[in-house]
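1. Give me a 3D structure for the following:
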Amino acid sequence: MQPRNHILLSMALCNVVKAGNETYSHWAGKALVVAELAADPQFDGKIETERMTGGLRGDVVCTDNSTETYPRKFVVEVEHSRDKYRVQKTRRHARYGYAVFWVFTERAISQRSNTEADLAEITAKSPSLGAVSVATGEVELGEPLGWNDLAYPRPTIAFNELAIPQYDRSKRCYDHGDFMFDDRVVSVIDIKGDATPLVCEYVSDGQQTLPQPASWTMRDLWDGINSGDVIRAAPIRGPP
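-> Reported below is the predicted structural model:
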């Protein structure tokens, strides 16, 4: 039988987030985060749970925020067990333009300091991660880690850097974001069925040229990424 405080918490949160095939600790932590964001006047975006972000399923996914307190789009990962892939997940979320808040429940709080140390190796700042108490209902999100926080040179995932998520493969156009090569930064737009992408080059005043066919193929770009001659300069933007 659950303790009385857990029963009361469950009653208060049952309409916030529907429980799935997950532990009580994970569901309650996730629901507490959602309730905290929904009640915060400094957040005005959209909140979803268990939503895909470029091949990863985020616990709490927030988009369209326009305030300065939070990133425009971000993910809150609620940790309740061991996970050796937090560094890789941070990189992958960042590649799709999502900042990440890592929040630890009581069951996993002992892993927070080790995770901060692991993330410090790939970021340009000292991470400060969050916590959520299922016992008291308190939520501390910590600080987000986003694309601009990744240490330079920012890592790529070589062999699948140009992969398009399954749910976007029917789209006519897909913006892979910005890449740097030959001291130039260009946006790469993949046109379905065409081996030659469209590119927009950044000029001196920060503006972009109109899209035009590249002088190379997507395969050439892939080879350049794998060889290290081409690096990602900005997150994936996806379908226009």
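2. okay, now the domains of the chain?
-> Residue ranges for the domains of the chain, per automatic domain parsing: 4-149, 158-232.
3. Distance from the chain centre to the last one, please.
-> Okay, so that is domain 158-232. 20 Å (Cα atoms, centre = their mean, to the nearest Å).
4. Over to the longest one?
-> With Cα atoms, centre = their mean as the basis, the distance from the averaged C-alpha position of domain 4-149 to the chain average is 11 Å.
5. Report pLDDT for Val134.
-> Note for Val134: predicted pLDDT of 87.
6. Please verify my assumption that it contacts Ala28.
-> Yes: under the criterion of Cβ atoms under 8 Å, Val134 makes contact with Ala28 at 4.6 Å. C-beta here means a position set from N, CA and C on the backbone, and glycine is covered the same way.
7. Those two - which one has more neighbours?
-> Ala28 (27 against 22; other Cβ atoms under 10 Å).
8. A helix includes that one, no?
-> Yes: counting by DSSP: H, G, I helix; E, B strand; the rest coil, Ala28 is found in a helix.
9. That one and Ala131: what is the separation?
-> Using Cβ to Cβ, to the nearest Å, we find Ala28 at a distance of 13 Å from Ala131.
10. Identify the contacts common to the two.
-> Shared contacts of Ala28 and Ala131 (Cβ atoms under 8 Å, 6 or more residues apart in numbering): Thr105.
11. so what's Ile231 bridging to?
-> Met180 (DSSP bridges).
12. how many other residues sit next to it?
-> 17.
13. now swap in Lys171 and tell me
-> Residues near Lys171, counting by other Cβ under 10 Å: 14.
14. Which residues are in contact with it?
-> Lys192, Pro239.
15. any idea whether the residue most central in space within the chain is helix, strand or coil?
-> Among the residues of the chain, His93 comes closest to the average C-alpha position under Cα atoms, centre = their mean, at 2.6 Å. Three-state assignment for His93 (three-state DSSP): helix.
16. Check the separation of the first and last residues in stretch 87-105.
-> 18 Å (Cα to Cα, to the nearest Å).
17. List the buried residues of that stretch.
-> 89-105 (16 or more other Cβ atoms under 10 Å).
18. Also stretch 169-189?
-> Neighbour count says stretch 169-189 has Tyr174, Asp175, His176, Gly177, Asp178, Phe179, Met180, Val186, Ser187, Val188, Ile189 buried, by 16+ other Cβ under 10 Å.
19. before we move on, the earlier item: distance to Gly238 added to the domains of the chain, as CSV?
-> Listed next are the domains of the chain as CSV, based on distance: least, Cβ to Cβ, whole Å:
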stretch, distance to Gly238
domain 4-149, 7
domain 158-232, 6
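20. Going by neighbour count, which residues of whichever helix or strand Ala31 is part of are buried?
-> Ala31 belongs to helix 24-39 when elements are defined using DSSP states H and E. Under the neighbour-count criterion of 16+ other Cβ under 10 Å, helix 24-39 has 25-37 buried.
21. circling back to that earlier point, out of the buried residues of stretch 87-105, which sit inside strands?
-> Using DSSP state E, the members of the buried residues of stretch 87-105 that fall in strands are Ala99, Val100, Phe101, Trp102, Val103, Phe104.
22. Need the max-distance pair from these.
-> Within those, Ala99 and Phe104 form the most distant pair, 17.2 Å apart (Cβ to Cβ).
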